[in-house]
Structures are given as C-alpha cells and as structure tokens.
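> Give the three-dimensional model of this entry:
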Amino acid sequence: MTHASPTASGTPRNLLSEYTTLRLGGPARELVEAASSEEAVEALRAAKGSTLVLAGGSNVVIGDEGFDGTVVVLRGGGIEDLGTVRVQAGQVWDEFVAWTVANGFSGVECLSGIPGSAGATPIQNVGAYGQEVAQRIAAVRVWDRERDELRDWTPAECGFAYRHSMFKHSDRYLVLSVDFELERSGLSQPIAYAELAKRLGADVGDRVPLADARDAVIELRHGKGMVLDEADHDTWSAGSFFTNPIVGPAVFHDIAARAGGEPPHWKTNDGQIKVSAAWLIGAAGFEKGYGHGNVSLSTKHTLALTNRGGATTAELLALATEVADTVEEKFGVRLHPEPVMVNAAL
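Residues are numbered from 1 along each chain as shown. Okay, the predicted model is just below:
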C-alpha cells in the first residue's frame, strides 16, 4: 500500500485527473494506492473523514475542487474458476472478458472493450450490445463498512436495474470480488443487438464464435471512440455520458409527436419504453464534435462528452447542462448523467 507524495519537481501526485479517463478532477487530501481488495479495506479502516474508492476511473466525474478526504485507488486483480468464475475487484475488466473468451466461457463477450475494473461493473450494472452483468452475476462479495464484516450478496439483494444497483449512491459497501455464472461454450450468447448482428453478418438470435463476437464489439466501440487510446481525445471521456431515458407510453407518444416520428426505442419488461439518448441529442440539433473551448461531444458519437486537452470539470458540466436543457426543451424529457458525480452536478 502506497501513499501519494510530491514528485522531485514538487508536482503533487494526488491530482485525481491522473486517475480518471476524463483526465479531470482536482486534488485529494490524501491518496492511497491499494494493491488488493484486502489492502483497500485496511486503508478505508484507517482513513479519517470522507473516503472515495477509485479503480479504472472510467465512469466518474470529479469536480475541479477535488475531494476533501482519502481516495483509495484499487489496483491488482485475479481470476479463479470455482464452478462460478470469481474475479477480484481490481481486475481490469476487459482483461477479464478476454480471459473468458480464451477459456471458452460465454456470457460477457459483448461487454468487450469497456474500460474500468471488474469491481465497478455491479455498481453500475454495466451493459452494452444486449448484455448486462446482472444477467450473469451469481454473487457479489462486499465489505460492509458500518458493520465491519464481509458478506456475499445475491443478485436480488444487489437491486440491479438499468445502469443502477444498491451500491451506486452509497459508500457503505466496498465490492471485493464478483462471481459470474457463465456457460461453458465456444459460442456467444444469442446476439440481441441489431447493430452487432449486422456487423457479424448474422441475425438477431444467432450464436457466433466467442472470438468473433468480441472482435466485432471492439470494432464497433473503436468506431465510436469507446476504446481507450491515449492519442485519441475522443476517448478522453467517461463513455456514454447520459443514460437512455425510460418513459411511459404517454410520454413516448409525446416525444414522437414533437419529433415528427418515432425515435429509436426498446420496450422494457415492465411495459416502459427506453428511448435512445444519442438520437435525442442529435435530433435536438447537436452534431458530433459540437463544443466550446476545451470540451466537446465526441467527433464519433454524440453520447460521449470529451476533454480535448486542458479542460476543466466546470467546462464539461456546462456542456452537459446545455445538452440536457436543450433536449428537455425540444422533447420534454430530461437526460440524466450515467457516471458517478463527485463534487459535481448538472
């Protein structure tokens, strides 16, 4: 376990912009790097005042003032085949997905290329291209800070919903590891997303070799600037910045009437309708690359807000607010941010 200290030039190492994919965020009062989940628990037990846990830093927006407390940066990983597949919280997520594909485990192949750590995936109920981690999670091991005890949570206890869980807005629980119930197969799960099926030359519902599914997903994500690349400012983002709004039939019909036609949408299991946020942003008049100063929408995808270099969080939030306000004015529905906001708000 290491604590941040100034470099030889005096530059602080506790700037949180160094630990997020947006490259944004002010200083932490104290920063500790933990090489394992056990070290993270130890650091949190010893911390005084407010705490924040970061790993991949890919789904968080941190304010310019930083964090007046202890930030624990979780590193280290590990994967075990125990019947279910257990992955440690600090494991790089895409390395885990690559391992499942290489070892013939089907179930998370369409979540390839997503940045961040495995421990963050149940918090956000990460999903893409027709798959969500909640579909495959068997248990989540957590440390309960209030009771100072370890517990294995069932999926029902996790309260999974669209890009949400019981963990998302609470720092009481630290995710230590995640157990996945995966199928032993060289074939993907049935392809559920039309765009992916088209890229594969398959039909929705078909199963394809795992490696083919993974490669196609990564190609699609590369095309949208959603695979991390230090040289590509379109990837200096938090991924999709807004969730797709979920509305009732009456609101959906109002959106369609205002738009002059139905936007891309998907029906949910409870009779609600999920509307494409990216389509709403484009239909509200925002083009790829739209922005001000050092921030803009991605030049490849309107759903990502990006740091073009030298940006501040305040600039990013101003652009996000402009987009959300305009979409609400035109279509009567408010877009909400997907990343966790730390000392930041729209």
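> Would you state the strands of the stretch 51-200 of the chain in chain order?
Using DSSP state E, counting those that start in this stretch, the strands found in the stretch 51-200 of the chain span residues 51-54, 60-62, 67-74, 79-82, 84-88, 105-106, 127-128, 131-132, 137-144, 149-153, 173-180, 183-184.
> Mean neighbour count, these: which tops it?
Between the strands of the stretch 51-200 of the chain, the one whose residues have the most neighbours on average, counting mean count of other CB atoms under 10 Å, is strand 60-62 (a mean of 26). All C-beta spots, glycine's among them, are computed from the backbone N, C-alpha and C.
> For that strand, name the packing helices and strands.
Identification of packing neighbours for strand 60-62 by 3 or more CB pairs under 8 Å, 6 or more residues apart in numbering; DSSP states H and E yields helix 313-331, strand 340-342.
> outside of the shortest one, which residues touch it?
Around strand 340-342, the neighbours that count as contacts under CB atoms under 8 Å, 6 or more residues apart in numbering are G25, L52, N59, V60, V61, I62, G63, F67, I123, Q124, K168, H169.
> can we see that at 7 Å?
For strand 340-342, the surrounding residues in contact (CB atoms under 7 Å, 6 or more residues apart in numbering) are L52, N59, V60, V61, I62, G63, F67, K168.
> can you pull the buried residues of it?
V340, V342 (16 or more other CB atoms under 10 Å).
> ok, that strand: who's next to it in the sheet?
Taking DSSP bridges as the criterion, strand 340-342 pairs within the sheet with strand 60-62 (parallel).
> Which residues outside the strand it pairs with are in contact with it?
Contact with strand 60-62 is made by 16, 20, 22, 24-25, 54, 238, 313, 316, 339-344, as judged by CB under 7 Å, 6+ apart.
> Going along the chain, name the helices of the stretch 1-150 of the chain.
37-46, 93-102, 121-124 (DSSP state H, counting those that start in this stretch).
> which of the ones you listed is buried the deepest?
Across the helices of the stretch 1-150 of the chain, the average number of neighbours (mean count of other CB under 10 Å) peaks for helix 121-124, which reaches a mean of 26.
> chain center to it, what's the gap?
Helix 121-124 has its average C-alpha position 8 Å from the chain's average C-alpha position, going by CA atoms, centre = their mean, to the nearest Å.
> out of the contacts of strand 60-62, what pair is the most spread apart?
In the contacts of strand 60-62, the most distant members under the criterion CB to CB are L54 and L316, with 17.6 Å between them.
> Using the record's assignment, carve the chain into domains.
Annotated domains of the chain cover 2-74, 79-223, 233-342 [automatic domain parsing].
> Turn these into a markdown table, including mean pLDDT.
A markdown table is the format used below for the domains of the chain (pLDDT from 0 to 100):
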| stretch | mean pLDDT |
| --- | --- |
| domain 2-74 | 88 |
| domain 79-223 | 96 |
| domain 233-342 | 96 |
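> so which of the helices of the stretch 1-150 of the chain gets nearest G309?
Distances from G309 to each of those were compared using CB to CB; the shortest belongs to helix 93-102, at 24.6 Å.
> tell me, what residue is most central in this structure?
For the chain, the residue sitting closest to the mean C-alpha position, by CA atoms, centre = their mean, is N59 at 4.5 Å.
> Neighbours of the residue nearest to that one when sequence neighbours are not counted, how many?
Once flanking residues are discounted, N59 sits nearest to P339: 4.9 Å by CB to CB, 6 or more residues apart in numbering. The burial metric for P339, expressed as a neighbour count using other CB atoms under 10 Å, is 25.
> could you measure P339 against S170, distance?
Noted for P339: a distance of 16 Å to S170, by CB to CB, to the nearest Å.
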